[in-house]
Structure formats: C-alpha cells, structure tokens
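**Q** Next input, structure requested:
(one chain, ligands or ions: 2)
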Amino acid sequence: MNRTLFTLVPFLVACGSQPDASPPPAAAAPPAAASSAPAAPHAAARAGASATRAEGGEVNPRLLRRFKPVRDTIELANAPAASQALIDLGRMLFFEKRLSKDRDLACESCHHLDRYGVDNEPTSIGAKGVRGHRNSPTVYHAAGEFTAFWDGRAGSVEEQAKGPIVNPGEMAMKNPETVVAVLKAIPGYVTAFQAAFPADANPLTYDNLARAIGAFERKLVTPSRWDRYLKGDHDALTASEVTGLKLFTDLGCMTCHTGEFVGGSMFQKVGVAVAWPNQQDQGRFEITKLASDRMLFKVPSLRNVTKTAPYFHDGSAKTLEEAVTLMGRHQIGEELSPSDVTAIVSWLGSLTGELPLKYIQPPQLPPG
Ligand code: HEC
Ligand code: HEC
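**A** Ligands and ions are numbered 1, 2, ... in the order given. Below is the predicted model of the structure:
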C-alpha cells in the first residue's frame with residue numbers, strides 16, 4: 001500500500017480544492033437515509049494537507065465549527081427533564097446483577113463506569129463466561145449518538161437498554177416478563193419505580209426499566225480540554241496537540257469523525273480505501289441484508305478513546321497508535337508516518353474528559 005493507491009480512490013481526490021464548501025456527508029442526513037450506501041468521504045481539507053504537515057498556523061475555523069462542545073445532559077427529545085428519582089432508579093438498575101440469569105452480570109460488568117464505560121476486552125464476555133463477537137462501545141455519550149450498537153439496530157439508549165438483559169449471550173434472562181417478576185419480588189424496587197413514575201398506575205414495567213436506565217445514561221458525559229478549546233480557550237491544547245488536530249482535519253479523518261462526539265453521527269464502511277482484513281462481521285448488513293450495507297459500521301465517537309482500548313468492532317487493534325495507522329491505511333489510503341501518528345494520538349488525548357465520579361458511585365441496591 002502506498003500513496004499511488006490513494007489516487008485510485010476517486011471520491012477521495014474529487015473535492016480537495018473546496019475543503020469546506022459542502023456539508024459533512026451523511027451527518028446531516030436523517031438516520032434512515034444513512035442506512036443505505038454511505039456518502040463518499042471527501043477528504044475535507046485535502047488540498048492543504050502536505051503544506052500543513054509543518055507545525056504552526058491556525059486551524060481552519062470553519063472546519064472547527066463542525067465540532068461542538070459536549071452538553072451537560074443529553075436530553076431526551078419531547079420529554080420532561082428527568083427527575084432525581086428516575087435517574088437514581090436508572091443508576092441502581094445499571095449496577096443490578098439480579099437482572100441477569102446467573103445473577104452475575106450487570107450493565108456495569110461490561111461498561112465499567114470508572115473505566116470510561118468499557119470493559120477493555122477485545123470482545124465482551126457474557127453469560128457463562130462465553131465471549132461475544134463484538135467489542136463493547138462506551139456508554140459515555142452513547143445517548144447523543146444517532147443510533148446505538150455498531151450496526152445501529154437500536155434507535156435510542158432507551159430502546160437499546162431492553163436488548164442485553166434478554167440477550168442469551170449477555171445477561172440471558174428468559175424474557176421481559178421474567179425480569180419484571182424478579183423486580184416485583186424486591187420491595188425496594190417496587191417503591192423506587194413508584195417514585196420514578198408517579199403518574200403510572202402500573203409503574204414497574206420493562207419499558208419503564210429502559211426509560212430509567214436511559215435517563216441515567218443521558219448524564220454520562222465527560223467534558224475535556226477539547227471542549228475548552230472549542231469554547232475559545234486556545235491555550236487548552238499544546239502545540240503538538242494542535243498539530244495532530246490539523247492532521248486530523250487535513251487528512252479527512254473528520255469527514256467521518258465529526259460533530260459533538262467526534263463520531264457517532266453516521267455509518268461508514270470500514271475499508272473504503274483498502275478492504276478491512278476481518279470480513280466475518282458484516283456490520284449493518286447483518287440487520288438490513290442490503291448489499292450496499294456490507295461492512296458498514298457506526299463511526300465511533302473518539303471522545304475518551306485513549307482509555308477505551310482495544311479498538312474497532314472486532315477489538316483487533318491493541319493500541320491507539322495501531323488503530324490510527326490502520327485508519328490511515330484502510331479509510332484514507334495513506335501510510336501515515338510514525339510522527340503523524342504520534343501527533344494525532346496526542347490530540348486525541350485532549351478528548352479524554354473528566355469522569356463524573358460522584359454521579360457514578362455504585363449505589364446501595366435494595367435487599368431481597
Ligand atoms: C456481556 C457484556 C455486556 C453487558 C452485560 C451489557 N452490554 Fe452493552 N454492549 C456490549 C457490547 C458488546 C455492545 C456492542 C454490541 C453491538 O454493537 O452489537 C454493547 C452496546 C451497548 C450500547 C451501545 C453503545 C454504542 O455506542 O452503540 C449501550 C448504550 C449499552 N451497550 C448499554 C448497556 C446497558 C444499559 C446494559 C444493561 C442493561 C448493557 N449494555 C449490558 C456489552 C454488554
Ligand atoms: C470513511 C470514514 C472514516 C474515515 C475517513 C476515518 N474513519 Fe476512523 N473509523 C471509521 C469507522 C467506520 C470506524 C469503526 C470501524 C470498525 O470498528 O470496524 C472507525 C474507527 C476509528 C477508531 C477506533 C475507535 C474505537 O473506539 O474503536 C479510531 C481511533 C479512528 N477511527 C481514528 C481515525 C483517524 C485518526 C482517521 C484519519 C486518519 C480516521 N479514523 C478516518 C470511519 C472512518
């Protein structure tokens with residue numbers, strides 16, 4: 001693989017001279033449209049790439065505006081603000097191992113909140129210690145992403161939360177009715193659901209369980225130095241981080257990793273320039289069976305990415321350096337130099353935020 005291959009990828013060279021004239025590809029499109037063939041990434045500021053490899057200079061402010069500082073709460077649209085009782089119930093349920101068949105797995109078992117919402121395993125270990133086939137994405141900021149799961153099979157975190165509990169490879173409960181029966185037998189949960197859903201005649205339902213978990217997840221956000229930079233504090237990044245940021249924008253990484261979460265806003269094919277080595281999991285295709293959806297995955301958020309190794313849906317990259325090198329090769333058709341990789345990784349470090357330590361304290365769970 002060398003740079004000549006790059007010129008064989010027509011969409012990447014097509015629009016280099018107008019870095020900012022067109023909107024980001026699928027990001028602006030509604031999720032439904034994003035399910036078909038992905039918009040071709042058009043290496044954003046391709047034209048200036050070689051010139052800006054040198055340090056110094058400003059980052060194009062128009063490109064910078066495509067990113068956004070993170071919100072404090074990722075509100076559920078068309079819903080009243082969550083009450084404290086609802087959030088507290090969601091936290092309990094997130095930590096609740098009695099929601100698994102063998103009472104040994106909670107959401108928190110695969111999404112450790114004090115480890116940036118992941119398990120640091122290549123792929124997650126579910127019921128009976130059996131390993132699944134996908135890497136667990138972080139729950140931080142998941143509420144704000146345009147869809148949940150690598151293949152987008154759930155629309156919101158509320159919808160997502162119903163999946164793992166009854167997934168035989170994860171928490172392995174028989175069905176939602178069994179889950180509700182388990183919770184109804186624990187008096188502390190009966191009162192906690194009543195407090196969280198005061199207007200409901202029958203508050204303890206599987207849908208309400210998912211609503212509570214979702215409400216808790218909507219405040220799992222980690223503001224970082226990157227947010228301070230975006231809000232105008234230009235001293236928030238070091239010179240080498242700014243160099244990495246410029247590489248990220250100039251090379252076209254940001255055509256896919258963009259917006260508030262530096263990702264999480266579209267599906268894209270993994271292996272647009274050079275086929276991805278592992279073709280076992282075909283991503284979005286597994287759900288839609290559309291040929292155009294083969295190897296389409298949600299572009300992951302890069303917030304906290306220094307903390308969420310190993311990388312990719314298949315956990316195939318152990319280090320961030322390796323992941324960035326692979327992205328250069330497979331997504332933009334470039335063999336990145338070690339110094340470019342180091343600079344990009346250094347900028348990615350500025351996306352590592354502060355954990356909300358008080359908010360994620362393991363709660364006291366009701367006895368019974
Ligand atoms: C056995 C480990 C395991 C358990 C237990 C588990 N998860 Fe996950 N979680 C995963 C894996 C693996 C994925 C990715 C699966 C996929 O994309 O197909 C995932 C995906 C997610 C996502 C989507 C994130 C994104 O960026 O797309 C959210 C949100 C989430 N889980 C929350 C939860 C909640 C809430 C619970 C408890 C009800 C839970 N998880 C239980 C392993 C687990
Ligand atoms: C054409 C769209 C596209 C471009 C361009 C792109 N990426 Fe990605 N990126 C993806 C997709 C899709 C994934 C998920 C792939 C997978 O897991 O199989 C991903 C995953 C990643 C990951 C792993 C994150 C994780 O949590 O597993 C990192 C790091 C990353 N990209 C960095 C970069 C960098 C740096 C560049 C520029 C050199 C770049 N990407 C260019 C689409 C893109």
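
**Q** CA only for contacts and neighbour counts going forward, please
**A** Fine.

**Q** Just give the number of residues close to the nearest residue to Pro122 once chain neighbours are set aside.
**A** Nearest non-adjacent residue to Pro122, counting by Cα to Cα, 6 or more residues apart in numbering: Gly315, 4.1 Å away. Look at Gly315: counted by other Cα atoms under 10 Å, it has 19 neighbours.

**Q** Show the contacting residues for Gly315.
**A** Applying Cα atoms under 8 Å, 6 or more residues apart in numbering to Gly315 gives the contacts 121-123, 134-135, 309.

**Q** What is the nearest of the residues you listed to Ile165?
**A** Arg134 (16.4 Å; Cα to Cα).

**Q** Burial check on that closest one, number of neighbours?
**A** Neighbourhood size, Arg134 [other Cα under 10 Å]: 18.

**Q** For it, give me the pLDDT.
**A** At Arg134, the model reports a pLDDT of 96.

**Q** what about the residue nearest to it when sequence neighbours are not counted, which SS state?
**A** In space, and not counting its chain neighbours, Arg134 is closest to Thr123: 4.8 Å by Cα to Cα, 6+ apart. Secondary structure, DSSP: H, G, I helix; E, B strand; the rest coil: Thr123 is coil.

**Q** I'd like to know which residues of this protein are adjacent to ligand 1.
**A** 94, 105-107, 109-110, 124-126, 134-139, 142, 148-151, 157, 161, 164-165, 170-171 (Cα under 6 Å from any ligand atom).

**Q** what's Arg218 sitting at in phi/psi?
**A** Here is the backbone geometry of Arg218 (degrees, to the nearest 10): phi -70, psi -10.

**Q** what's the answer for Phe267, then?
**A** Torsion angles, degrees, to the nearest 10, at Phe267: phi -90, psi 150.

**Q** and the gap between it and Gly333?
**A** 19 Å (Cα to Cα, to the nearest Å).

**Q** more crowded one of these two?
**A** Legend: neighbour count by other Cα under 10 Å for Phe267 and Gly333, higher for Phe267 (31 against 24).

**Q** The spatially closest residue to the more buried one that is not a sequence neighbour: how many residues sit nearby?
**A** Distances taken as Cα to Cα, 6+ apart put Lys298 closest to Phe267, at 4.2 Å, once the chain neighbours are dropped. Close neighbours of Lys298, defined as other Cα under 10 Å, add up to 26.

**Q** Lys298 and Val270 touch, don't they?
**A** No: at 9.3 Å, Lys298 and Val270 do not qualify as touching, with contact defined as Cα atoms under 8 Å.

**Q** I'd like to check which residues are in contact with Ser316.
**A** By Cα under 8 Å, 6+ apart, the contact list for Ser316 reads 122, 310.

**Q** Try it again at 10 Å.
**A** The contact partners of Ser316, by Cα atoms under 10 Å, 6 or more residues apart in numbering, come to 122-123, 135, 277-278, 309-310, 322-323.

**Q** In strands only, show me the residues you listed.
**A** Using DSSP state E, the subset of those located in strands is empty.

**Q** before we move on, back to that, reformat the contacts of Gly315 as JSON lines; add distance to ligand 2.
**A** Shown next, in JSON lines, are these (distance: Cα to the nearest ligand atom, whole Å):
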{"residue": "Glu121", "distance to ligand 2": "12"}
{"residue": "Pro122", "distance to ligand 2": "10"}
{"residue": "Thr123", "distance to ligand 2": "11"}
{"residue": "Arg134", "distance to ligand 2": "9"}
{"residue": "Asn135", "distance to ligand 2": "8"}
{"residue": "Ala309", "distance to ligand 2": "7"}
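
**Q** between the residues you listed, which has the most around it?
**A** When neighbours are counted by other Cα under 10 Å, Asn135 leads the contacts of Gly315 with 25 neighbours.

**Q** Spatially nearest residue to it (excluding sequence neighbours)?
**A** Thr123 (4.1 Å).

**Q** and the one you found, what does it touch?
**A** Applying Cα under 10 Å, 6+ apart, we find Thr123 in contact with 110, 131-137, 310-316.

**Q** Would you mind measuring from it to Ala85?
**A** Thr123 is 34 Å from Ala85, where distance means Cα to Cα.

**Q** One more: Arg115?
**A** Using Cα to Cα, Arg115 is found at 25 Å from Ala85.

**Q** Neighbour count: these two, which is higher?
**A** Set Arg115 next to Ala85 and count neighbours by other Cα under 10 Å: Ala85 wins out with 17 against 14.

**Q** From ligand 1, how far off is the more buried one?
**A** As judged by Cα to the nearest ligand atom, to the nearest Å, Ala85 and ligand 1 stand 17 Å apart.

**Q** which secondary structure element contains that residue?
**A** Per DSSP states H and E: Ala85 is located in helix 84-94.

**Q** thinking again about what came up before, residues contacting the residue nearest to Phe267?
**A** 34, 145-152, 256, 263-270, 283-284, 313.

**Q** quick one: the closest residue to ligand 2 within the stretch 151-300 of the chain from ligand 1, how far?
**A** Per Cα to the nearest ligand atom, Cys253 is where the stretch 151-300 of the chain lies closest to ligand 2, at 3.5 Å. Between Cys253 and ligand 1 the distance, using Cα to the nearest ligand atom, works out to 19 Å.
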